[in-house]
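Visitor: Predicted structure and sequence below. I'll ask about it afterward.
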Amino acid sequence: MGAKYRVFSTEFKQEVVQRILKGESVNALHLELQIKRSVLYRWRDAFEKEGAGALRPRHGRPRGTIDPPRVVVIGEVPGDEAAARQIRELERKIGQQAMDIDFLRRAFKRVKDSRRNNTEGGATASTPRSEV
């Protein structure tokens, strides 16, 4: 069973951010509202950076779904930002592939060792028939 996510209105988020900006402790709000501190900080930072519009609900791909590979054309976003984004994406993919390769190597080694152990005894796997 997956985790249930609460959805908060933009107005609620704004009220919480205003309380933080007025000096209320993020930890106290975390305990009162049962909202992760990281979420509260994210709301505050988004509000400070982009204003109230950053607190609106986002529509798009649901959590937990895999993003399709993205192709970033270097000319679309100004200069170094596009290249840096493409490098990060490629590094993430390389890291995932390295983890997959390590997993498969260990799995094949286990299968190989298991087969080696099964053939060393020389005994048959069937049980002898009782003579009637």
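Guide: That came in fine, so what should we check first?

Visitor: for the record, mean pLDDT for the strand or helix carrying residue 105?
Guide: Per DSSP states H and E, residue 105 falls inside helix 79-120. For helix 79-120, mean pLDDT is 86.

Visitor: Give me the helices and strands touching that helix, please.
Guide: Packing partners of helix 79-120 (3 or more C-beta pairs under 8 Å, 6 or more residues apart in numbering; DSSP states H and E): none among the helices and strands. Backbone N, C-alpha and C define where each C-beta goes, glycine included.

Visitor: now that helix: how far from the chain's centre is it?
Guide: Relative to its parent chain, helix 79-120 has a centroid offset of 17 Å by C-alpha atoms, centre = their mean, to the nearest Å.

Visitor: How about stretch 36-46?
Guide: On C-alpha atoms, centre = their mean, the centre of stretch 36-46 falls 18 Å from the chain's centre.

Visitor: Could I get the buried residue list for it?
Guide: Of all the residues in stretch 36-46, those buried under the rule 16 or more other C-beta atoms under 10 Å are 40, 43-44, 46.

Visitor: Save those residues as JSON lines, and put in distance to residue 98 and secondary structure too.
Guide: What follows is the buried residues of stretch 36-46, written out as JSON lines (distance: C-beta to C-beta, whole Å; DSSP: H, G, I helix; E, B strand; the rest coil):
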{"residue": "40", "distance to residue 98": "35", "secondary structure": "helix"}
{"residue": "43", "distance to residue 98": "35", "secondary structure": "helix"}
{"residue": "44", "distance to residue 98": "36", "secondary structure": "helix"}
{"residue": "46", "distance to residue 98": "33", "secondary structure": "helix"}
